[in-house]
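1. return atomic coordinates for the entry below.
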Amino acid sequence: MTSPATLVELAVLAEAAGYDGVFLWDHVVYLDVLGAPTVDPWVVLGAIAHATETVRLGPLVTPLSRRRPWRVAQEVCTLDHLSGGRAVLGVGLGWPVEEDFARFGEVTDDRERAALLDDGLAVIDDAWRGSLRPAPVQQPRPPVWVAGMWPNRKPFDRAARWDGICPLKLVAEMDEVPLLRPDELAACVAYVRERRRDGAPFDVVVSPHWEHTPAEYEDAGATWLVTGTSLDADWPDELRRRLQQ
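-> Below you'll find the predicted structure:
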């Protein structure tokens with residue numbers, strides 16, 4: 001476990017090292033057997049916004065099925081003002097279902113959660129475009145990035161209606177690596193591009209497989225490469241070392 005203050009410190013180091021964004025996951029419990037740390041992302045992101053000047057900020061990702069969408073709209077809008085227009089909203093169904101949803105009495109059926117996600121995004125978009133005061137700094141609204149497991153198609157049909165995708169690879173077992181190879185990412189990007197009504201560019205936010213180079217992912221369509229760290233007990237120190245490099 002680490003403290004919220006440590007996360008703010010690491011975000012400041014990341015900005016100084018030239019990173020373009022700092023993103024936090026949104027879990028109540030994540031891999032409980034490993035004691036993986038969780039914090040309230042909105043509180044910590046607000047502190048990071050106050051301590052930084054340039055990095056993009058947001059959750060990767062927040063599961064809207066267990067959140068009140070009008071509250072999320074207000075939280076992102078507040079973060080957008082605190083950061084001077086740097087907020088991003090990453091959304092998805094959420095995972096792991098049993099550990100992070102079922103134990104708290106939340107909806108676990110994928111179709112029901114997907115419907116709640118779509119309904120929630122509609123509420124948030126409407127709030128940002130008119131009913132919230134003050135309105136977000138970014139107009140007409142902060143960007144929305146949608147997560148999904150490729151090659152599942154429905155999450156990316158949804159993503160085509162918004163501003164970006166956060167794809168991972170669908171795997172059969174927990175010990176498999178859910179990272180897309182560049183050729184798999186290229187197929188995902190092509191699928192979304194074909195379904196975008198306006199043909200506008202969109203963000204492609206991917207965690208790269210270590211056997212491939214950033215250039216390969218750029219060629220496949222990536223606009224963001226997300227790096228993290230292990231869940232070992234000394235992970236804050238490991239991340240500090242990586243940032244300082």
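2. partner residues bridging Gly90?
-> Trp145 (DSSP bridges).
3. can you report how many residues neighbour it?
-> The local packing count at Gly90 equals 22, with neighbours defined by other Cβ atoms under 10 Å. Backbone N, C-alpha and C define where each C-beta goes, glycine included.
4. make sure it is actually in contact with Pro59.
-> Yes: using Cβ atoms under 8 Å, Gly90 is in contact with Pro59, at 5.3 Å.
5. pull up the overlap in contacts between those two.
-> Jointly contacting Gly90 and Pro59 under the rule Cβ atoms under 8 Å, 6 or more residues apart in numbering are Phe23.
6. show me the contacts for Cys118.
-> I think there's a mix-up here, since residue 118 is Asp and not Cys. Arg158.
7. quick one: least confident helix or strand in the chain?
-> None of the helices or strands of the chain scores lower by mean pLDDT, DSSP states H and E than helix 97-100, at a mean of 69.
8. mind listing what's buried along the helix or strand following it?
-> Using DSSP states H and E, the helix or strand that follows helix 97-100 in sequence is helix 110-126. By 16 or more other Cβ atoms under 10 Å, the buried positions in helix 110-126 come out as 113-114, 116-117, 120-121, 123-125.
9. same thing with stretch 132-147?
-> By neighbour count, and taking 16+ other Cβ under 10 Å as the criterion, the buried residues in stretch 132-147 are 132, 135-138, 141-147.
10. stretch 156-173 now?
-> Of the residues in stretch 156-173, 156, 158-169 count as buried by neighbour count, 16+ other Cβ under 10 Å.
11. and if you look at stretch 67-83?
-> If you call a residue buried by 16+ other Cβ under 10 Å, then stretch 67-83 has these buried ones: 67, 69, 72-80, 82-83.
12. so what touches it?
-> Contact partners of stretch 67-83, identified using Cβ under 8 Å, 6+ apart, comprise 42, 45-46, 49-50, 52, 57-58, 62, 64, 86-87, 89, 119-121, 123-124, 127-128, 132, 134-138, 142.
13. can you list the weak-confidence ranges in this structure?
-> Counting by pLDDT under 70, the chain contains low-confidence residues at 1-2, 28-37, 96, 98, 100-102, 172-175, 230-233.
14. show me where it has its helices.
-> 4-16, 41-51, 69-82, 97-100, 110-126, 154-159, 182-195, 214-220, 235-244 (DSSP state H).
15. now for those, which one comes closest to His27?
-> Of all the helices of the chain, the one in closest proximity to His27, counting by Cβ to Cβ, is helix 97-100 (5.4 Å).
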